[in-house]
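A.B. asks: below are the sequence and a predicted model; questions follow.
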Amino acid sequence: MLRFESRFPEEPREGAPLFVLLHGRGSDENDLVQLAPRLPAGAMIVTPRAPHPGGPWGYGGGWAWYRYLGQNRPEEDSFRSSLEQLRSFLGGVDELLPVSPGPRVLGGFSQGGTMSLALALNEPGRHPLVADFSGFLPDHPDVEVRAETVAGTRFFWAHGTHDAAVSFHWAEEGRRLLEQAGADVTARDYPIGHAISPQGLQDLGRWLEVSRRP
């Protein structure tokens, strides 16, 4: 099982939102858990660690979900391995929680955002709410964008227009492909680089509220 961190309210309530947040390359499970104060009140947060050491690929002392080949291409084997381990982790995530969750958001930053998009498309309908911050839609044989794979999923995609790590072009291209397949995509752009903006987290909260309505 992937290592993880978590943050729960002092008095968690049944039906509280659950955020499973995946970090970017060269980071670890302690990164995005720090967003807890900026997420909706009462939310539960679980942040798994990516399975691959980043050092051998030049990503520093942290961890990575895959070896990056450039543009929108992850290396096939490391990416597939992470998909499998993440799928297994999410299958047991309820056992880590103090109460039964309500809406579940699978999301992440950079590589974590890319993995969130990929898993949602790889397991159609199992992840109804997906939040991508500064990731890309991966060119990988296990990820298909079709009407059948986007059905039942709502996507929130936030990206910096000055992003030098994952070009804004890949945000535009990824959103276009999702929308062409009929996906429900909420796009939010910010005049920043490769980062999560405070405004982006506010917009995420508003999106979740709208997504919870019948």
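C.D. replies: Done, it's in. Residues are numbered from 1 along each chain as shown.

A.B. asks: can you give me the helices for the chain?
C.D. replies: With DSSP state H applied, the chain shows helices at 76-91, 111-122, 147-150, 168-180, 198-212, listed in chain order.

A.B. asks: with mean pLDDT, distance to Ala64 and mean neighbour count as extra columns, can I get the ones you listed in a markdown table?
C.D. replies: For every residue, glycine as well, the C-beta is placed using N, CA and C. Converted to a markdown table, the helices of the chain look like this (pLDDT from 0 to 100; distance: least, C-beta to C-beta, whole Å; neighbours: other C-beta atoms under 10 Å):
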| stretch | mean pLDDT | distance to Ala64 | mean neighbour count |
| --- | --- | --- | --- |
| helix 76-91 | 98 | 8 | 17 |
| helix 111-122 | 98 | 6 | 27 |
| helix 147-150 | 98 | 25 | 17 |
| helix 168-180 | 98 | 18 | 17 |
| helix 198-212 | 93 | 23 | 15 |
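
A.B. asks: show residues contacting stretch 206-214.
C.D. replies: Contact with stretch 206-214 is made by 17, 40, 102-103, 105, 129, 131, 154, 156, 186, as judged by C-beta atoms under 8 Å, 6 or more residues apart in numbering.

A.B. asks: hmm, I typed the wrong one, I wanted stretch 68-82.
C.D. replies: Contacts made with stretch 68-82 from outside it, assessed by C-beta under 8 Å, 6+ apart, are listed as 25, 50-52, 57, 64-67, 111, 114-115, 118, 136-142, 170, 173-174.

A.B. asks: before we move on, back to that, let's see if you can find the most crowded of the contacts of stretch 206-214.
C.D. replies: Taking other C-beta atoms under 10 Å to define a neighbour, the member of the contacts of stretch 206-214 with the most is Ala131, carrying 29 neighbours.

A.B. asks: quick one, what contacts the nearest residue to Arg38 once chain neighbours are set aside?
C.D. replies: Leaving aside its chain neighbours, Arg38 sits nearest to Leu201 (4.6 Å; criterion: C-beta to C-beta, 6 or more residues apart in numbering). If you count contacts by C-beta under 8 Å, 6+ apart, Leu201 has them with 35, 38-39.

A.B. asks: is it possible to get CSV of those residues that adds pLDDT and distance to Asn122?
C.D. replies: Rendered in CSV, the data for those read as follows (pLDDT from 0 to 100; distance: C-beta to C-beta, whole Å):
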residue, pLDDT, distance to Asn122
Leu35, 97, 25
Arg38, 95, 29
Leu39, 96, 25
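
A.B. asks: select only the buried ones of the residues you listed in ChimeraX?
C.D. replies: Applied in ChimeraX, the following selects the buried portion of the contacts of Leu201 according to 16 or more other C-beta atoms under 10 Å:
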select :35,39
